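Q: requesting a structural model of the entry that follows:
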Amino acid sequence: MSTTSFSDVVDTIRNDDPRFEKGAYFFVRQGLDHTIKALKDSPERSSNHVTGQELLSGIREFALEQYGPMAFTLLNNWGVRRCEDFGDIVFHLVEAGVLGRTESDRKEDFAGAYDFEDAFLAPFRPASQRSDSNN
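A: Here you go, the predicted model:
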């Protein structure tokens, strides 16, 4: 078993692709843990595998719980501006051997699940300023 720390793995990934700050990788890992925990109690689940769409939903929930109205700004500062960026981070971690995947998992699973402004800013706007889809 490798003794390389998660932090070291992220440093190696970032040497090849510096688009995302180190904190984004730690956040995605915490968001995955949050998602697994939230889905674990679901009686229809037969495995701990999380789909891209489930992870995106869990990450959104985790971000709002942890950072509230600052989630959008924090993600933006980490270089994460769209759902596809989460997919890139996940697949970097898969390629590094930190996360596993199934044959059906694809980066495209992370495409366009939600708009970041709607997902991370709209919940904190006054009701009169929210679109009908956010009420």
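Q: residue 97 sits in which helix or strand?
A: Counting by DSSP states H and E, no helix or strand carries residue 97.
Q: need the pLDDT of it.
A: Per-residue pLDDT puts residue 97 at 94.
Q: against residue 12, how distant is it?
A: 11 Å (C-beta to C-beta, to the nearest Å). The way it works is simple: take the backbone N, C-alpha and C, and place the C-beta from them, glycine included.
Q: which strands or helices does the longest helix anywhere in the chain pack on?
A: Using DSSP state H, we find that the single longest helix of the chain is helix 22-40. Counting contacts by 3 or more C-beta pairs under 8 Å, 6 or more residues apart in numbering; DSSP states H and E, helix 22-40 is packed against helix 6-16, helix 52-67, helix 71-77, helix 83-95.
Q: give me the angle between the first one and helix 83-95.
A: It stands for helix 6-16. Orientation check (axes from the mean of the first three to the mean of the last three C-alpha atoms, to 10 degrees): helix 6-16 against helix 83-95 gives 110 degrees.
Q: in helix 6-16, which residues are buried?
A: For helix 6-16, the neighbour count (16 or more other C-beta atoms under 10 Å) marks 9-10, 13-14 as buried.
Q: how far off centre is it?
A: The chain centre lies 17 Å from the centre of helix 6-16; the measure is C-alpha atoms, centre = their mean, to the nearest Å.
Q: now the longest helix of the chain: buried residues?
A: Applying a neighbour-count criterion of 16+ other C-beta under 10 Å, one finds 24-25, 27-29, 31-32, 34-36, 39 buried in helix 22-40.
Q: contact partners for residue 75?
A: 24, 27, 63, 81, 116, 120 (C-beta atoms under 8 Å, 6 or more residues apart in numbering).
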